[in-house]
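Chemist: when you get a sec, could you give me coordinates for this:
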Amino acid sequence: DGSLAVSATLSGDTFTHSQYVALKTKDAIVDRFRDSTGERPNVDLRFPDLKIDVHIDRKLCSVSLDSSGESLHKRGYKIATNIAPINEVLAAGLVMLSGWDGQSDFMDPMCGSGTILIEAAMIACNIPPNLMRNEFGFERWKDWDVDLFEKIENSLLSKTRDFHHKIMGLDKSPSAVR
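Modeler: Numbering: from 1, shown residues only. A predicted model of the protein is given here:
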């Protein structure tokens, strides 16, 4: 009924071909499903319901399920970006590392397309990151509890706050600021 995909990353010289490791891992998982349920899950490399990541670092192997889906830095609030946009997660980290607590004005003199400004506003208003995201990877899992997710989301949204200061951005390139 569902589909899966396996990817692998390697470091060290024990294994030298990541696609081989991914293929053998996929074969083992598919065989296990077929043996226990009588059915073989589909493989969909582009849009799987379940994405499995294998990471081998010399003699240490970790297998994880990708609960995020698309990279978490893609927050969903940007339509277009500038030539050299800063990653949203990095922008949020910079705001947090700056020590700014949202109790004063905020200015970015080289704002480009405004990523740092947007992340600062979200932090100041206590808006959860990825609120505008279309979908997380775990939403395609069979045991995903939509009611629990909505309860958690509503709880987080109830903790947002107003911001009574200014957030300003400047950039030498007028086309960057839209």
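Chemist: can we go C-alpha only for contacts and neighbour counts from here?
Modeler: Noted.
Chemist: ranges for the strands of the chain?
Modeler: With strands called from DSSP state E, the chain shows them at 3-11, 42-43, 50-57, 60-65, 106-108, 167-169.
Chemist: surely Thr16 is in contact with Leu10?
Modeler: Yes - applying Cα atoms under 8 Å, one finds Thr16 in contact with Leu10, separated by 7.2 Å.
Chemist: the more surrounded of the two?
Modeler: Neighbours per residue (other Cα atoms under 10 Å) separate Thr16 from Leu10, with Leu10 holding more: 18 against 12.
Chemist: bridge partners for the residue nearest to the more buried one when sequence neighbours are not counted, pull those for me.
Modeler: Using Cα to Cα, 6 or more residues apart in numbering and skipping residues adjacent in sequence, the residue nearest Leu10 is Ile56, 4.9 Å away. As for beta bridges, Ile56 partners with Leu10, Cys61 under DSSP bridges.
Chemist: thought Ile56 was touching Thr16?
Modeler: No - applying Cα under 8 Å as the test, Ile56 and Thr16 come out as separate, 10.3 Å apart.
Chemist: any common contacting residues for these two?
Modeler: Taking Cα atoms under 8 Å, 6 or more residues apart in numbering as the contact definition, Ile56 and Thr16 share the neighbouring residues Leu10.
Chemist: among the strands of the chain, which comes closest to Lys159?
Modeler: Closest to Lys159 of these is strand 167-169 (Cα to Cα; 20.6 Å).
Chemist: could you chop the protein up by domain?
Modeler: 3-65, 88-169 (automatic domain parsing).
Chemist: nearest spatial neighbour of Ser173, chain-adjacent residues omitted?
Modeler: Gly112 (7.6 Å).
Chemist: do Asp108 as well
Modeler: Per Cα to Cα, 6+ apart, closest to Asp108 is Gly169, 4.9 Å.
Chemist: count the neighbours of the one you found for me.
Modeler: Look at Gly169: counted by other Cα under 10 Å, it has 17 neighbours.
Chemist: and for Thr115?
Modeler: 23.
Chemist: please report the distance of it from Arg75.
Modeler: Distance of Thr115 to Arg75, computed by Cα to Cα, to the nearest Å: 10 Å.
Chemist: same check on Val21?
Modeler: Val21 is 31 Å from Arg75, by Cα to Cα.
Chemist: distance between the ends of stretch 132-149?
Modeler: Start-to-end span of stretch 132-149 (Cα to Cα) is 14 Å.
Chemist: what average pLDDT does that stretch get?
Modeler: Across stretch 132-149, the average pLDDT comes to 91.
Chemist: buried sites along that stretch?
Modeler: 136-140 (16 or more other Cα atoms under 10 Å).
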